[in-house]
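*Asks:* Just a sequence and a predicted model for now, questions to come.
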Amino acid sequence: MNVKNIVVGQLEANCYIVSDGQSPDALIIDPGDDHERVAEYIDRHGFKPTGIVLTHAHYDHVCAAGDLQDRYRVPIIMHEDEKATYETTKKLCISWGFSPDDFPPDFQTVREGDKIATDSLLLAIIHTPGHTPGCISLYGSGTLFTGDTLFKGSVGRTDLPGGNTNKLMVSLKKLIALPPDTRVLCGHGEETTIGRELKSNPFLNEKSRLKIF
């Protein structure tokens, strides 16, 4: 798997360009801003996007999706339970001066167990609600894209609309059941591994007071 991380926007979200390392086909994960920078990298390296995947629909992860869809004519993909969050984000961003066209009304939905494929690359959908109702993580080839569910040294916040701490705990149980050497690429910040987080993350290690285990 070939992964390029482009840090975008005011909140420094991680946008990932993911391919199998052989074919030009690629997925765009969480294009939150700076669509020109994302497109410049894609075009310079000859990638051909096949889809734009949103781990969740907060504005720092979605605001460049419309421009990139216009440019590459590919579907925007999110969990079926994330529609309300997407609409809330759309209204918020329009109030800030964004155009309604920045938030296309048509998108593909996925659910737990679905797979997103591009050439020989295959990513499985893991529904990981808690940060938002329709948060997803994507897993394949020993790599896990967690959005804002799991970070290096932390976990997603649950105090925003649609957040739910109990659901986040269930979601984290799914993720920590993956092999310890699983590479974890987060929605913000540095990458990590499942094994490292089980040892050092204060929300996940044995000293945690949260009911993970």
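*Replies:* Structure's in. What do you need? Numbering: from 1, shown residues only.

*Asks:* give me the low-pLDDT residue ranges for this structure?
*Replies:* Segments of the chain classed as low confidence (criterion: pLDDT under 70) are 206-213.

*Asks:* so where do the strands sit in it?
*Replies:* Remark: strands assigned in the chain by DSSP state E are 2-8, 13-19, 25-29, 48-53, 76-79, 108-110, 115-118, 121-127, 136-140, 143-147, 150-151, 154-155, 183-186, 192-193.

*Asks:* will you turn those into TSV that also has mean neighbour count and distance to Asp101?
*Replies:* To be clear about C-beta, it is placed using only N, CA and C from the backbone, and glycine gets the same treatment. Rendered in TSV, the data for the strands of the chain read as follows (neighbours: other C-beta atoms under 10 Å; distance: least, C-beta to C-beta, whole Å):
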stretch	mean neighbour count	distance to Asp101
strand 2-8	17	19
strand 13-19	24	20
strand 25-29	25	18
strand 48-53	22	15
strand 76-79	24	13
strand 108-110	16	19
strand 115-118	16	25
strand 121-127	19	28
strand 136-140	24	25
strand 143-147	25	25
strand 150-151	25	32
strand 154-155	21	34
strand 183-186	21	30
strand 192-193	20	37
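
*Asks:* Now distance to Cys93 too, for the ones you listed, in JSON lines please.
*Replies:* Formatted as JSON lines, the entries for the strands of the chain read as follows, by distance: least, C-beta to C-beta, whole Å:
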{"stretch": "strand 2-8", "distance to Cys93": "15"}
{"stretch": "strand 13-19", "distance to Cys93": "14"}
{"stretch": "strand 25-29", "distance to Cys93": "19"}
{"stretch": "strand 48-53", "distance to Cys93": "16"}
{"stretch": "strand 76-79", "distance to Cys93": "15"}
{"stretch": "strand 108-110", "distance to Cys93": "21"}
{"stretch": "strand 115-118", "distance to Cys93": "25"}
{"stretch": "strand 121-127", "distance to Cys93": "25"}
{"stretch": "strand 136-140", "distance to Cys93": "21"}
{"stretch": "strand 143-147", "distance to Cys93": "19"}
{"stretch": "strand 150-151", "distance to Cys93": "24"}
{"stretch": "strand 154-155", "distance to Cys93": "26"}
{"stretch": "strand 183-186", "distance to Cys93": "23"}
{"stretch": "strand 192-193", "distance to Cys93": "30"}
